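A.B. asks: Structure, please.
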Amino acid sequence: MKKDLLLAVILFACVCTGVKGQNADRSKQSSERIISVDFNNTSGKLNTMFNECVGAGRANEGLRADWQQQLAYVKKECGFKYIRMHGLFNEDMAVYKEDKDGHPEYNYMYVDVLFDFLHSIGIKPFVELGFMPPALASGNKTIFWWRGNVTPPKDYNKWAGLVRNLVQHFTERYGAEEVKSWYFEVWNEPNLDGFWAGSQEEYFKLYSYSVKAIKSVNPAYRAGGPGTAGAAWEPEMIAYCQKNNVPIDFISTHAYGVKQGYLDEFGNSGTVLDKNPMSVSGEVLQSRKEIAGSSMPGLELHYTEWSASYTPADPIHDSYHEAAYVLQKLKQVGNAANSMSYWVFTDIFEEAGPRFTPFHGGFGMLNTQGINKPVFYSYQFMNHLGDIELENKDAASWVCRDSAGNVQVLAWDFTNTHPGDSVHNQEYYIRDLPSKSKGKLKINIANMPDGNYALEIYKTGYHSNDAYSTYLLMGKPSQLTKQQVEQIKKQNDGSPISKEIITVKKGVPFLKEVELRENDVYFLNLVKVF
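C.D. replies: Sure thing, here's the model as predicted:
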């Protein structure tokens, strides 16, 4: 009996040990993520809709030396091809007035300075036509600190005359072939009362006059809209143009990933990062579906504004979470959009007036002093991907190669750690938010050509190219000294976290393992050395 009891105890212990071992194996497996690709198995040319366009605040800010320096830097590092901004017709650009008899007078002195600079650094304008010049406005309603007039024109023929004259001026200055490569977008977010004091019908009228003026200069010039907030008016826009034989070359709209706080420049009402895993990207996919099912299924789709949040006082923009968020959304969008224009490249942005602190939740990829935020590195990493994408089943990475046989891996974790509707972004993302472990990330690349490679690994995440955390450790000074700016830049300068020379042998896959934490972003660059 004792012998049988002893045997039963031993068997029970073995079973328990086996179950424990299986659970440990499952735990180990669940904490490992494997990206497995084949160098020879490609999916085609990499879609670079992520850096087709980037946003900026308003045209007049583009006359500033620091704005221009930052744009040149972002263009060089992130490769943006177009830039879109508000306020081209604003009073501070002095484009339009009327003489004592009511005859229009045009002036493009400031516009030329801005567009000549854009041309000099190789970035094209995605021209937003707005807002209303005061001398042409039908009312006094304005928006923002810089008083953009949002009323319809008092005379639609004079509005069309201004648009036609401007487009003719661009043609004379830059040549028709260059202007054919631009985009002209009529107005901004006319579905929001703050941005358009007229009705939908009046917006369609404004669009019709605008696009006909553009096409009268050259039918090949590209025009579109409606530039709405929240993917609105898309089917209505297409239906209007179809019914009235009005030209349209693209649909444009906007999406942001937060709830509440519309047109709240100071973030006073608070925002909440949406827990919906398909926020933003779901709207883009729906827009493409609506176009595909319309009478004009071939229209281009441009999201001319997007980000995690639509207020320039949301600390998520400064947080390391934004870097992974952006990559996640762009990956989810896939090929649905022709461009996804991040709003915006710099905190030199004055919708609420000049800001008084170096990190205030501004939209920018750079802060006012030109300090790189984590999201800047996401765009820099994407720009360094090779032009050929490899087949890859992992949902949060790109693996690419270039014509020289170099390989690039961009991988991330996006974890929405926001506690939910009870807490605003303005309370949550201003804190020190340590990231939790997500286990191991293993990268396996089969059939790489044999040889020696220089492997550099770059990262952004908690306390890694995370300028805001450095700023917190400084005690959040309301003003930064020159030395403090230099210190933050030096500690978050994008240098590789590791460098090594590796040898790849025929028949042996490339293997690399890194520690992955919440909202980490890794970029691995494998450059063949001879």
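A.B. asks: Next one, pLDDT for the spatially most central residue of the chain please.
C.D. replies: The structure's the chain has its C-alpha centroid closest to Tyr342; by CA atoms, centre = their mean the separation is 2.6 Å. Reading off the per-residue confidence, Tyr342 sits at a pLDDT of 98.
A.B. asks: Next, the buried residues of stretch 140-147.
C.D. replies: Of the residues in stretch 140-147, Lys141, Thr142, Ile143, Phe144, Trp146, Arg147 count as buried by neighbour count, 16 or more other CB atoms under 10 Å. Just so you know, the C-beta spots here come from the backbone N, C-alpha and C atoms, and that holds for glycine as well.
A.B. asks: Save these as a markdown table, and put in distance to Ala396 too.
C.D. replies: As requested, the buried residues of stretch 140-147 are exported to a markdown table (distance: CB to CB, whole Å):
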| residue | distance to Ala396 |
| --- | --- |
| Lys141 | 44 |
| Thr142 | 43 |
| Ile143 | 37 |
| Phe144 | 36 |
| Trp146 | 39 |
| Arg147 | 43 |
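A.B. asks: Tell me which two of the residues you listed sit farthest apart.
C.D. replies: Of all pairs drawn from the buried residues of stretch 140-147, the one with the largest separation by CB to CB is Lys141 and Trp146; the distance is 14.1 Å.
A.B. asks: hmm, back to that, can I get the buried residues of stretch 140-147 in JSON lines with distance to Leu46 and secondary structure?
C.D. replies: Listed next are those as JSON lines, based on distance: CB to CB, whole Å; DSSP: H, G, I helix; E, B strand; the rest coil:
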{"residue": "Lys141", "distance to Leu46": "44", "secondary structure": "coil"}
{"residue": "Thr142", "distance to Leu46": "42", "secondary structure": "strand"}
{"residue": "Ile143", "distance to Leu46": "38", "secondary structure": "strand"}
{"residue": "Phe144", "distance to Leu46": "37", "secondary structure": "coil"}
{"residue": "Trp146", "distance to Leu46": "38", "secondary structure": "coil"}
{"residue": "Arg147", "distance to Leu46": "42", "secondary structure": "coil"}
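A.B. asks: Tell me the one of the residues you listed nearest Val521?
C.D. replies: Val521 has its nearest neighbour among the buried residues of stretch 140-147 in Phe144, at 32.7 Å by CB to CB.
A.B. asks: so the closest one makes contact with Glu351?
C.D. replies: Yes - taking CB atoms under 8 Å as the contact criterion, Phe144 and Glu351 are neighbours in contact, 4.4 Å apart.
A.B. asks: The closest residue to Gly439 other than its chain neighbours - how many residues pack around it?
C.D. replies: For Gly439, the nearest residue in space outside its immediate sequence neighbours is Ser31; the separation is 2.9 Å by CB to CB, 6 or more residues apart in numbering. Burial of Ser31 is recorded as 12 neighbouring residues (other CB atoms under 10 Å).
A.B. asks: from now on call the first residue 688
C.D. replies: With the count now opening at 688, the last piece we talked about shows up as Ser718.
A.B. asks: end-to-end on stretch 947-960?
C.D. replies: Across stretch 947-960, the terminal residues are separated by 10 Å (CA to CA, to the nearest Å).
A.B. asks: what does stretch 1154-1166 give?
C.D. replies: With CA to CA applied, stretch 1154-1166 spans 15 Å between its terminal residues.
A.B. asks: cool, stretch 959-973 as well?
C.D. replies: End-to-end distance for stretch 959-973, by CA to CA: 22 Å.
A.B. asks: what do you get for stretch 1081-1089?
C.D. replies: Rule used - CA to CA; the end-to-end distance of stretch 1081-1089 is 20 Å.
A.B. asks: what sits against the nearest residue to the residue nearest to the centre of the chain once chain neighbours are set aside?
C.D. replies: For Tyr1029, the nearest residue in space outside its immediate sequence neighbours is Val741; the separation is 5.5 Å by CB to CB, 6+ apart. For Val741, the contacting residues are Val761, Cys765, Phe767, Tyr769, Ile770, Arg771, Ser1028, Tyr1029, Val1031, Phe1032, by CB atoms under 8 Å, 6 or more residues apart in numbering.
A.B. asks: Most widely separated two among those residues?
C.D. replies: Within these, two members stand farthest from each other by CB to CB: Cys765 and Arg771, at 15.1 Å.
A.B. asks: residue boundaries of the helices in the stretch 738-887 of the chain?
C.D. replies: 752-765, 796-807, 843-861, 863-867, 887-904 (DSSP state H, counting those that start in this stretch).
A.B. asks: out of those, nearest to Asp1100?
C.D. replies: Asp1100 sits nearest to helix 752-765 of all the helices of the stretch 738-887 of the chain, at 21.8 Å, using CB to CB.
A.B. asks: The helix or strand of the chain with the lowest mean pLDDT: what's the following helix or strand?
C.D. replies: Across the helices and strands of the chain, mean pLDDT, DSSP states H and E gives its lowest value to helix 689-717, namely a mean of 42. Moving toward the C-terminus from helix 689-717, the first helix or strand encountered (DSSP states H and E) is strand 719-725.
A.B. asks: what's that following strand packed up against?
C.D. replies: In terms of contacts (3 or more CB pairs under 8 Å, 6 or more residues apart in numbering; DSSP states H and E), strand 719-725 is packed against strand 1084-1088, strand 1124-1133.
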